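> dropping a prediction and its sequence here:
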Amino acid sequence: MSEGFIHVFEPGDPGRTLLLLHGTGGDENDLVSLGRQLAPGAGIISPRGKVVENGMPRFFRRLAVGQLDIPDLLARTDELADWVATAASDYGFDPAGLIGIGLSNGANIAASMLFRRPGLLAGAALLRPMLPYDPPDDLDLAGAPVLVASGGRDQFVPAAESEQLARQLESHGAKVEYAFDPNAGHGLTQDDLKAAFRWLQGLKPAAGDQSP
């Protein structure tokens with residue numbers, strides 16, 4: 001495997017691989033069991049963010065809570081996207097079936113990947129995300145399926161910020177499903193997991209996937 005991110009890889013159906021992107025303080029193991037629950041039989045690739053903030057791994061720097069270091073985010077988005085493309089070749093999974101599942105900090109870099117590398121992800125479930133920055137005007141997401149899940153009692157990401165991201169994605173061609181739990185905080189709930197499971201079940205297989 002090429003140099004890059006500390007990560008977990010679990011082979012599965014080569015036509016469906018989950019890219020799991022943890023939140024602040026998580027690591028490469030944090031979302032693996034969740035991925036297995038959400039998409040039994042799918043492959044899993046789960047990297048650890050390279051930035052460390054007060055001992056907690058993240059995927060990119062921030063200046064304060066809710067204030068992102070945009071130049072760092074852009075550079076690290078490109079680095080992660082390049083690594084994922086190499087991993088698909090090295091591990092032999094179909095990149096056309098790569099689905100991002102990101103939580104908080106991981107959801108924000110997944111959104112940035114949609115903005116900067118449209119087509120790299122076949123879809124993305126963004127759990128507790130914010131709009132990291134305005135996407136380019138010419139961005140065309142060409143019907144890419146995206147789930148955005150927010151909580152009404154989220155103390156870190158107000159639901160209005162997740163809604164703003166959902167609107168931007170939709171305005172650039174994504175097929176967005178917005179899941180809002182008025183009683184949820186920043187942590188995931190059973191309703192979030194049910195919504196993510198249903199959303200994943202509704203996705204089309206990769207073009208090369210011949211499974212029934």
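Cool, got the structure.

> which residues of the chain fall in strands?
Along the chain, counting by DSSP state E, strands occupy 7-10, 13-21, 42-47, 51-53, 56-58, 62-64, 67-68, 98-103, 123-127, 145-151, 175-181.

> dump those to CSV, plus distance to Pro136 and mean neighbour count.
All C-beta atoms are positioned from the backbone trio N, CA, C, and that covers glycine. Shown next, in CSV, are the strands of the chain (distance: least, Cβ to Cβ, whole Å; neighbours: other Cβ atoms under 10 Å):
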stretch, distance to Pro136, mean neighbour count
strand 7-10, 29, 17
strand 13-21, 21, 24
strand 42-47, 25, 24
strand 51-53, 24, 14
strand 56-58, 24, 20
strand 62-64, 22, 12
strand 67-68, 17, 14
strand 98-103, 19, 26
strand 123-127, 17, 27
strand 145-151, 17, 25
strand 175-181, 18, 18
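
> kindly reformat the ones you listed as a markdown table and extend each row with distance to Ala196 and mean pLDDT.
Converted to a markdown table, these look like this (distance: least, Cβ to Cβ, whole Å; pLDDT from 0 to 100):
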| stretch | distance to Ala196 | mean pLDDT |
| --- | --- | --- |
| strand 7-10 | 18 | 97 |
| strand 13-21 | 11 | 96 |
| strand 42-47 | 13 | 98 |
| strand 51-53 | 25 | 94 |
| strand 56-58 | 22 | 96 |
| strand 62-64 | 25 | 89 |
| strand 67-68 | 24 | 90 |
| strand 98-103 | 7 | 98 |
| strand 123-127 | 5 | 98 |
| strand 145-151 | 6 | 97 |
| strand 175-181 | 8 | 96 |
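
> redo these as JSON lines? Include distance to Asp82.
Shown next, in JSON lines, are the strands of the chain (distance: least, Cβ to Cβ, whole Å):
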{"stretch": "strand 7-10", "distance to Asp82": "14"}
{"stretch": "strand 13-21", "distance to Asp82": "13"}
{"stretch": "strand 42-47", "distance to Asp82": "12"}
{"stretch": "strand 51-53", "distance to Asp82": "17"}
{"stretch": "strand 56-58", "distance to Asp82": "19"}
{"stretch": "strand 62-64", "distance to Asp82": "22"}
{"stretch": "strand 67-68", "distance to Asp82": "20"}
{"stretch": "strand 98-103", "distance to Asp82": "14"}
{"stretch": "strand 123-127", "distance to Asp82": "18"}
{"stretch": "strand 145-151", "distance to Asp82": "22"}
{"stretch": "strand 175-181", "distance to Asp82": "26"}
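
> between those strands, which one is nearest to Asn29?
strand 7-10 (6.2 Å; Cβ to Cβ).

> how far away from the center of its chain is that closest one?
Its chain's C-alpha centre and that of strand 7-10 lie 16 Å apart, by Cα atoms, centre = their mean, to the nearest Å.
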